[in-house]
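>>> Pasting the sequence and the predicted coordinates here, then a few questions.
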Amino acid sequence: MANICVVGVGYVGLVTGTCFADLGNKVVALDIVEKRVENLKKGILPIYEPGLKEVVERNVRAERLSFTSSYKEALKDVEFVFICVGTPEGVDGEADLQYVRMAAEAIAENMDHEMIVINKSTVPVGTGDWVASIIREKQAQDIPFAVVSCPEFLREGSALRDFFNPDRTVLGSTDKTAANKVAQLHLALRAPIVVTDLRTAEMIKYASNAFLATRISFINEIANICEALGADVKEVAQGMGYDKRIGHHFLESGVGYGGSCFPKDVKALAYMAQIHGTEPQLLQSVMEINLTQRRQIVLKLEDMLGTLKDKVIGMVGLAFKENTDDIRESPALDIAKMLHDRGAVVRGYDPVAMENVQRTTKYINLSEDPYELAQGSDALVIATPWNEFKSLDFDKIRSLMKQPIIVDGRNLYEPTRLTSLGFKYRGVGRGFKGAMLESNGK
Ligand code: UDX
């Protein structure tokens, strides 16, 4: 059993702290936003993550997990302090490290005994050394400490599963004793533990996310070529994936990637390359293709509707992916904005992200369910692949819509099924199937 402090109770910190508590450790989770801490003490979570609320409640009841906004209280008796604060995109794509700096300074000013500081947030290569220099400079007294990089590999919507079933734990530090102590914390997860230096660990995180984003832009480029040549990209991905060197994961084409990680991490890696004199050609293409995918949805709608002005278009799904309320860099919202700017009336529905959309977005009229969304719509765009969209009552949908047009930005449906139900259907890279049936006037 270890004494752990987690700084930052967002998507990464709350999951990390709760899960370490669930492994039997004693965890104090700190956030400087006092309202967030008060809510957590009342059992109100700042994020939607399937299954998390119950694990938080269980560990609070067992007194393994507590919340505070006081660093003095949070750091008392801890051996490990995880920095899990946000590193949002800054100017030119450079990661904004102001919150990491604030955390490092507060830890330095409040530490009164030896501890290991662990960077869990995704941080540019070299940040570990920078955090160590801040702590050395700001320490109220000269206390030994070590900095270890331990990047997170949690996907929103499956974060608990990813924490307890990691493909690997990556640790980076110049202090091997500290790295081994952090490795001990992770033994219960029974996954391979890669121990390397700080910069290499930080690079493993960026390279992993950039590779996953590259796979997505790759299959989206293949989708665009399939569309021109009449092949079905879903079946292409299926055929590719049996090759063990390729695999079936992360080959789903559609509106492209969004979220708080891929967009900013690819940009940050490209930025790091450029300021160090290396041209990130592939990463630039990955980003360009990703933006193209969103624009393509708009072009498909214009092609099918003639004009977008005054047309009513329903966005089916608003979060950047299924099983989350997170709308950061959501392709759905980007597409909605482009439609709005072209004079369309945009409506939207999402199973859990509506509150976030209502608070931040003025150009989307929210509907209570997909059927209210369909009422009087000229077209529907499938933008987030929630399970509840997979078996919609399409007869009802068609009867409610002004025009039976569906642009399936997630390739959720089979073109032939939708066109046989009387819809004008466009997927992403689905070959001529939809178009051919359309031209036959079905
Ligand atoms: C990602 C990484 O997967 C995770 O390891 C890292 O720690 C954080 O960033 P996350 O952004 O939460 O996780 O979700 P993920 O499931 O990776 O999806 C990212 C985006 O790619 C979403 O917009 C998703 O819809 C999209 N995506 C994913 C595709 O378009 N096609 C795919 O095949 C997979």
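Looks like it arrived, so ask away.
>>> which parts of this protein sit against the ligand?
Residues of the chain that fall close to the ligand, judged by C-beta under 6 Å from any ligand atom: 152-156, 209, 212, 216, 250-252, 254, 256-259, 261-262, 320-321. All C-beta spots, glycine's among them, are computed from the backbone N, C-alpha and C.
>>> tell me which helix or strand of this protein sits lowest on mean pLDDT?
None of the helices or strands of the chain scores lower by mean pLDDT, DSSP states H and E than helix 433-439, at a mean of 46.
>>> neighbours around residue 287, how many?
Burial measure for residue 287: 21 neighbouring residues, criterion other C-beta atoms under 10 Å.
>>> An error on my part: the question was meant for residue 375.
Other residues near residue 375 come to 15 when the count uses other C-beta under 10 Å.
>>> Identify the spatial nearest neighbour of it, chain neighbours not counted.
Computed as C-beta to C-beta, 6 or more residues apart in numbering, the closest residue to residue 375 that is not its neighbour in sequence is residue 400, at 4.8 Å.
>>> so who does the residue nearest to residue 158 when sequence neighbours are not counted touch?
In space, and not counting its chain neighbours, residue 158 is closest to residue 323: 7.0 Å by C-beta to C-beta, 6+ apart. For residue 323, the residues meeting the contact criterion (C-beta atoms under 8 Å, 6 or more residues apart in numbering) are 50, 156-158, 386.
>>> doesn't residue 67 fall inside a helix?
No. Residue 67: not assigned to a helix; according to DSSP: H, G, I helix; E, B strand; the rest coil it is strand.
>>> just checking, it touches residue 29?
Yes. Residue 67 lies in contact with residue 29 (C-beta atoms under 8 Å); the separation is 5.2 Å.
>>> Quick check: neighbours shared by the two?
When contacts are counted by C-beta under 8 Å, 6+ apart, residue 67 and residue 29 have 9, 40 as shared neighbours.
>>> Looking at these two, which is more packed in?
Neighbours were tallied for residue 67 and for residue 29 using other C-beta under 10 Å; the higher tally belongs to residue 29 (28 against 22).
>>> what are the bridge partners for that one, then?
When bridges are called by DSSP bridges, residue 29 pairs up with residue 6, residue 67.
>>> could you say which helix or strand contains residue 381?
Element membership for residue 381, per DSSP states H and E: strand 379-382.
>>> Domains in this structure, by residue range?
According to automatic domain parsing, the chain comprises the domains 3-196, 211-439.
>>> Columns distance to residue 204 on top of the ones you listed, output as CSV?
Conversion of the domains of the chain to CSV gives the following (distance: least, C-beta to C-beta, whole Å):
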stretch, distance to residue 204
domain 3-196, 5
domain 211-439, 10
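>>> quick one on the thing from earlier: strands paired with the strand holding residue 381, and their directions?
Strand 379-382 has these partner strands in its sheet, going by DSSP bridges: strand 312-316 (parallel), strand 405-408 (parallel).
>>> what's the average pLDDT for the shortest one?
Put plainly, it is strand 405-408. Model confidence over strand 405-408, given as mean pLDDT, is 98.
>>> So which elements touch the helix or strand following it?
Once strand 405-408 ends, the next helix or strand along the chain (criterion: DSSP H and E) is helix 415-420. Using 3 or more C-beta pairs under 8 Å, 6 or more residues apart in numbering; DSSP states H and E as the contact criterion, the secondary-structure elements in contact with helix 415-420 are strand 424-426, helix 433-439.
>>> where does the nearest residue to residue 315 once chain neighbours are set aside fall, phi/psi-wise?
Here the nearest residue to residue 315 in space, its sequence neighbours aside, is residue 348; by C-beta to C-beta, 6+ apart that works out to 4.2 Å. Its backbone dihedrals place residue 348 at phi -150, psi 150, with angles given as degrees, to the nearest 10.
>>> For residue 348, list the residues it contacts.
Residue 348 neighbours (C-beta under 8 Å, 6+ apart): 314-315, 318, 332, 336, 354, 357, 364-367, 373.
>>> repeat for residue 26
1-4, 64.
>>> Include secondary structure, pLDDT and neighbour count when you put the residues you listed into a markdown table, please.
As requested, the contacts of residue 26 are arranged in a markdown table below (DSSP: H, G, I helix; E, B strand; the rest coil; pLDDT from 0 to 100; neighbours: other C-beta atoms under 10 Å):
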| residue | secondary structure | pLDDT | neighbour count |
| --- | --- | --- | --- |
| 1 | coil | 92 | 8 |
| 2 | coil | 95 | 17 |
| 3 | strand | 97 | 16 |
| 4 | strand | 98 | 26 |
| 64 | coil | 98 | 20 |
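>>> closest to the ligand among those residues?
Distances from these to the ligand were compared by C-beta to the nearest ligand atom; the smallest belongs to residue 4, at 19.7 Å.
>>> didn't that closest one look like it was pressed against residue 24?
No. Using C-beta under 8 Å, residue 4 makes no contact with residue 24, being 11.0 Å away.
>>> give me the beta-bridge partners of the residue lying closest to residue 124 once chain neighbours are set aside?
Ranked by C-beta to C-beta, 6+ apart and with sequence neighbours excluded, the top spatial neighbour of residue 124 is residue 95, at 5.1 Å. Partner residues in beta bridges with residue 95, using DSSP bridges, are residue 89.
>>> What is the burial count for residue 95?
Residue 95: 23 surrounding residues under other C-beta under 10 Å.
>>> I figured it was touching residue 121, is that so?
No. Contact status for residue 95 versus residue 121: not in contact, 9.1 Å apart, counting by C-beta under 8 Å.
>>> any common contacting residues for these two?
With C-beta under 8 Å, 6+ apart applied, the overlap between the contact sets of residue 95 and residue 121 consists of residue 87.
>>> my read is residue 46 is in a helix, agree?
No. Residue 46: not assigned to a helix; according to three-state DSSP it is coil.
>>> Give me the distance between residue 236 and the ligand.
Summarising the geometry, the distance separating residue 236 from the ligand, computed by C-beta to the nearest ligand atom, to the nearest Å, is 13 Å.
>>> Wait, a helix at that residue?
Yes. Using three-state DSSP, the assignment for residue 236 is a helix.
>>> quick one, what contacts it?
Taking C-beta under 8 Å, 6+ apart as the criterion, residue 236 is in contact with 222, 226, 429.
>>> Pull the number of nearby residues for the last one.
So the one you mean is residue 429. By other C-beta under 10 Å, 25 other residues sit near residue 429.
>>> picking that back up, any idea what the residue nearest to residue 315 is bridged to?
The partner list for residue 348 in beta bridges (DSSP bridges) reads residue 315, residue 366.
>>> Could you tell me the per-residue confidence at it?
In this prediction, residue 348 carries a pLDDT score of 98.
>>> What separation do you get for it and residue 313?
Look at residue 348 and residue 313: by C-beta to C-beta, to the nearest Å, they are 9 Å apart.
>>> I'd like to check which residues are in contact with the spatially closest residue to residue 17 that is not a sequence neighbour.
Counting by C-beta to C-beta, 6+ apart, the nearest residue to residue 17 once its immediate chain neighbours are dropped is residue 6, at 3.6 Å. The neighbours of residue 6, taking C-beta under 8 Å, 6+ apart as the test, are 13-14, 16-17, 20, 27-30, 81-82, 84, 120.
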